[in-house]
Every structure is written in structure tokens, then in C-alpha cells.
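[1] here's a sequence, model it:
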Amino acid sequence: MENRKIAICAENLSKVYKLYNKPSDRLKEALGLTRKKKHTEHYALKNVDMTIYQGECVGIIGTNGSGKSTILKIITGVLNQTKGNLTVNGRISALLELGAGFNMEYNGIENIYLNGTMIGFSKEEIDSKLSDILDFADIGEYVYQPVKTYSSGMFVRLAFAVAINIEPEILIVDEALSVGDVFFQAKCYHKFEEFKKNGKTILFVSHDLSSISKYCDRVFLLNQGTKLGEGTPKEMIDVYKRVLVGQYEIPQESEGLLDDKDIQEAASQSSQDNKGRADNKEKAAGKDSTGKNKNPETLEYGTKQAEIEEVFITDSHNVQSTAVVKGEEFTVHMKVRFFEDLPAPIFAVTIKDIKGIEITGTNTMIEKAFLSSVKKGDCKEVTFTQKMTMQGGEYLLSLGLTGYENEKFVVYHRLYDAINITVISDKNTVGYFDMNSVVKVKDSKKNTQPRWN
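    This is a model prediction of the structure:
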């Protein structure tokens, strides 16, 4: 990393907003009519450090209000930081909220020239790019209508087409793609791949964790205006999931940023208060959650009102194994012990690839397989049996035990990436799954009309 050129460098970046109880307080303070402070300070960002290198695709994740959009606006110059230093090396093209940088009264063509001029292109340079922009946007004659008449999908098509076709060195995208249709999103992500291959820098904010896992080299995790950490997509997504369900203790200001050791501990931490229950896990037979197939970096957390004690997989011959032949049935077994009365626990399994992208999964609530309450001391054995249709390769199995208490979602116990699954296959098709197509080829009848369904 040291020899790579820096595209964006933020040091101790902070953004503070003054909040007033009523407009008159703002006026009194502005005019110096009171010595008493009439505002409270809200930190949208607080002492955030961030270094992004040229050619990287970097993601920013966090809950709503964590400061993701604020830092993007500071980087793009829409906002000024309250304090801290920011250095940007390269021409930026940004796709932030819908409408940013567009005049609603202008038509699409006029807005293309407006945006290009704002970035610093001459009319001749925009002329040369116009055809590519219109082809990518693909909104037809609507490009000659005022953009205030556009649907959100048409708007984002035009905005993204402009953003990527003006040859930026840094592309910044903030959730805007979520309003586009599936075909346009696929086209945009294909463009991301092109950008990465060409050494361009991409800064990407999204709640779509699968896209973050797939496209990003590194990820920054923000929470309540502070940076919790940075690392691989898998590391940061695992910590983020704990933040989402309130199972992660946010560091105090004096504790500072998570270092690499903290991240690893967050990814493998288990409750020390439950050591007395550990002996029960040792009873699991063969290659289960305590055997050699267990991932030593399993992320484990929860309230521990109940606990997953035993996990293993059996193949179609009912033999315990983590090697599954494609096309055959296999079963995931989990044994759960309850330490409190619970209204309606939900048992879940998820399979992810080694990049952390969730491929498939289900739970007992979706399957309507178990909707009952349980008592303290109960022990349940749960099995999920299905046919293996995924492509040959290595995968990770995650398990969950959750529920709702007074409409509040509660995580009792989770084991992320607990066991490795090896899928054995002599035929891999395209993508994640084999559709088990039945293919026939026959002579075509002449003079038939084309048919598209």
C-alpha cells in the first residue's frame, strides 16, 4: 500500500451542526444578543481518518445517521468540514442524492451540458461524449423533456450515464442505484468492473452488503459519526451485523478506533459469561461445531438466552461429512438448548461463499416449520434437508437462533461461518446455482416467426 498513490486522504475529519430549540435562539446567538449558548452540538462526523488509494474500490457501510453521506458530500465539495484535513487527487464524478447537480427545469440534454461544464469540460469535449451518455442512459425521447417529469428510475439512468462517461478518476456513488431497475443495475455494476480494471478509484456507499462484498477491496465502518474500523469486506460486515442487532459495544471516545486485534476479536469473540456451558458443546459428535471442520474464526454472539450446542452435516447416505456431492441431498443438523422461556424462537441457516456473499438460506418461520413457544430447559434438534444445486467449490455455513419479543427482534445466538462445506461436482454451469436444465436440440421448422417471451 505504501508505494501506491493516494486518491483521497482524510485526517481528523469532523462535521458539527448547531441544533437550536427554536428559530429565535438561532437569531439571538447570531446577533450576539445572549451570552448563554443557545445551541447543542451534533457531530455528524467526529475525527474520522480515511485513506483511499488509486485503483481501489472502497465501500462505506453503517446504520442510518452514521455519517456516510456526510463524508461523501465533504469529499465532493458539497459541504465543508468543521475541522480536519482533506486531500483529493483526481477528478471526481459523484452520484449522490437524486437531483444533485441537475436543474429540474432543464431537459436531459441541457443537464448533460450543465454537469459537464461544472466539472470542467468544454462544449466540444461534451459533444464527443454525448453519444455514449445517451446510449448508456437509454431513456429515448425523454432526454428532450424537462427532468422534473422523469421517474426516479429515468433520473438515475441519466445521472449515472453522465457520471461514468466524463472519464472521472474517482467515482463516488451513494445508494442512488437502488432506485434503478434490475437490468440497469446490472449494467452499472458491469461498469464498476471496467473501472476497476482501468485503475480508477471507486467509493461506494450501499446497504446492499452482497454488492459491498463482491465489488469492494476494503470497507470502512461508520457508526454515529465515528469510524469503528476498516478491513476486508467480510471483517467489517461481520462487525456491522453485530452493530445492527445491538450486540456490539460501541467504543467510547477514549478507547479510540478498533485496531486489527480488536477486529479479529470481534470476528471470533464468544461470551465469557457462558464458560459453564462450554462442556455441553464438547458432546457434539464427530465433525460438528467442535470438530476439525469448525472455523476457528467463527463469529459468535447473542444474548445466550438459548444456545446452539451442536452442529453437523450429513450427506445423502446419512454419513456425517462436510463434503456434499452436487445433485444429492444433504442435511444440516443443529441442537439447541434453552435457558429461558421464549415465545417463538426462529432457527435459521445461511450458506455464503468465501467472499462473504450470502448465496442462499432459510429459517423455520419462512418454512412454517416451527411457530411454538419453548420452556426453560427444553432442548430441540432441528434439521434442514435440501438438494445441493450450488456449483462445485468451497462455502461457509452460518446458523442463527433469533425471535421477536414484544415486536422487538432479538438475537439469542448466532454462529457466522461456523463450518466449511465442500461441494463436489463434475459439471459446473454459470453462476452460483445449476438450474438442472433439460436441453434438447432438434431441426427447426422453416418459415416460422421469431418468438420472445
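[2] is the nearest residue to residue 299 once chain neighbours are set aside in a helix, a strand, or coil?
    Spatially, and ignoring its direct neighbours in sequence, residue 299 is nearest to residue 416 (3.9 Å; CB to CB, 6 or more residues apart in numbering). C-beta coordinates here come from the backbone N, C-alpha and C atoms, glycine included. Per DSSP: H, G, I helix; E, B strand; the rest coil, the local secondary structure of residue 416 is strand.
[3] near residue 416, how many other residues are there?
    Using other CB atoms under 10 Å, the number of residues around residue 416 comes to 25.
[4] ok, now which ones touch it?
    238, 241, 298-300, 398 (CB atoms under 8 Å, 6 or more residues apart in numbering).
[5] if we use 10 Å, what do you get?
    Taking CB atoms under 10 Å, 6 or more residues apart in numbering as the criterion, residue 416 is in contact with 234, 237-238, 241-242, 267-268, 295, 297-301, 350, 352, 356, 396-400.
[6] any of those residues buried? List them.
    Neighbour counting by 16 or more other CB atoms under 10 Å classes 234, 237-238, 241-242, 267-268, 295, 298-301, 350, 352, 356, 396-400 among the contacts of residue 416 as buried.
[7] so which of the residues you listed sit within strands?
    299-301, 350, 352, 396-400 (DSSP state E).
[8] can you list the strands that the strand or helix carrying residue 331 pairs with?
    Element membership of residue 331 [criterion: DSSP states H and E] is strand 329-338. Strand 329-338 has the following sheet partners, assigned by DSSP bridges: strand 306-314 (antiparallel), strand 379-387 (antiparallel).
[9] include mean pLDDT when you put the ones you listed into CSV, please.
    As requested, these are exported to CSV (pLDDT from 0 to 100):
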stretch, mean pLDDT
strand 306-314, 94
strand 379-387, 96
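[10] could you single out the most deeply buried of these?
    The highest average neighbour count among these, using mean count of other CB atoms under 10 Å, belongs to strand 306-314 at a mean of 23.
[11] quick revisit: and the ones in strands among the buried ones among the contacts of residue 416 as a markdown table, adding pLDDT?
    As requested, those are arranged in a markdown table below (pLDDT from 0 to 100):
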| residue | pLDDT |
| --- | --- |
| 299 | 84 |
| 300 | 89 |
| 301 | 90 |
| 350 | 96 |
| 352 | 91 |
| 396 | 92 |
| 397 | 94 |
| 398 | 94 |
| 399 | 96 |
| 400 | 95 |
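[12] out of those, who's nearest residue 321?
    Taking CB to CB as the measure, residue 397 is the one of those closest to residue 321, at 12.9 Å.
[13] the residue nearest to the closest one when sequence neighbours are not counted: which element?
    Spatial nearest neighbour of residue 397, chain neighbours left out: residue 419 (4.5 Å); criterion: CB to CB, 6+ apart. Secondary structure from DSSP H and E places residue 419 in strand 408-424.
[14] and that strand, how far out from the chain's middle?
    17 Å (CA atoms, centre = their mean, to the nearest Å).
[15] for stretch 35-43, same thing?
    Between the centre of stretch 35-43 and the centre of its host chain there is 35 Å, according to CA atoms, centre = their mean.
[16] check stretch 374-385 too.
    So, by CA atoms, centre = their mean, the centroid of stretch 374-385 is 31 Å from its chain's centroid.
[17] export it to CSV, keeping only CA atoms.
    Only the C-alpha atoms of stretch 374-385 are listed here, as CSV (Å, rounded to 0.1, in the frame of the first residue of the first chain):
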residue,chain,number,x,y,z
VAL,A,374,-40.4,-23.2,24.4
LYS,A,375,-39.7,-23.6,28.1
LYS,A,376,-36.5,-23.2,30.1
GLY,A,377,-34.6,-26.5,30.0
ASP,A,378,-36.0,-27.6,26.6
CYS,A,379,-33.7,-29.0,24.0
LYS,A,380,-34.6,-29.0,20.3
GLU,A,381,-33.0,-30.9,17.4
VAL,A,382,-33.6,-29.1,14.1
THR,A,383,-32.7,-30.4,10.6
PHE,A,384,-32.7,-28.7,7.3
THR,A,385,-32.7,-31.1,4.4
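[18] can you list contacts of it?
    For stretch 374-385, the surrounding residues in contact (CB under 10 Å, 6+ apart) are 280, 305-306, 308-310, 313-314, 316, 329-345, 347-349, 361-364, 367, 369-370, 372, 399, 401, 403.
[19] what's the ChimeraX line that selects buried ones from those residues?
    Burial among the contacts of stretch 374-385 is assessed by 16+ other CB under 10 Å; the matching ChimeraX selection reads:
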select :305,306,308,309,310,313,314,330,331,332,333,334,335,336,337,338,339,342,345,347,348,349,361,363,364,399,401,403
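[20] what sits against residue 324?
    So residue 324 contacts 313-316, 330-331, 387-388, 390, 392, 395, 421-425 (CB under 10 Å, 6+ apart).
[21] returning to what we had before: nearest to residue 120 among the ones in strands among the buried ones among the contacts of residue 416?
    residue 352 (43.1 Å).
[22] quick check, residue 156 in a helix?
    Yes - if the criterion is three-state DSSP, then residue 156 is within a helix.
[23] from what I can see it touches residue 102, true?
    No - using CB atoms under 10 Å, residue 156 is not in contact with residue 102, being 11.0 Å away.
[24] overlap of the contact sets of the two?
    residue 150.
[25] quick one: the helices in the stretch 1-150 of the chain, in order.
    23-30, 68-76, 108-119, 123-137 (DSSP state H, counting those that start in this stretch).
[26] please save the CA atoms from the first one in PDB.
    Just to be clear, that refers to helix 23-30. Only the C-alpha atoms of helix 23-30 are listed here, as PDB (Å, rounded to 0.1, in the frame of the first residue of the first chain):
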ATOM      1  CA  PRO A  23     -35.500  29.800  15.400                       C
ATOM      2  CA  SER A  24     -35.400  32.800  17.800                       C
ATOM      3  CA  ASP A  25     -32.500  31.100  19.600                       C
ATOM      4  CA  ARG A  26     -30.500  31.000  16.400                       C
ATOM      5  CA  LEU A  27     -31.200  34.700  15.700                       C
ATOM      6  CA  LYS A  28     -30.300  35.800  19.200                       C
ATOM      7  CA  GLU A  29     -27.000  33.900  19.100                       C
ATOM      8  CA  ALA A  30     -26.200  35.200  15.600                       C
END
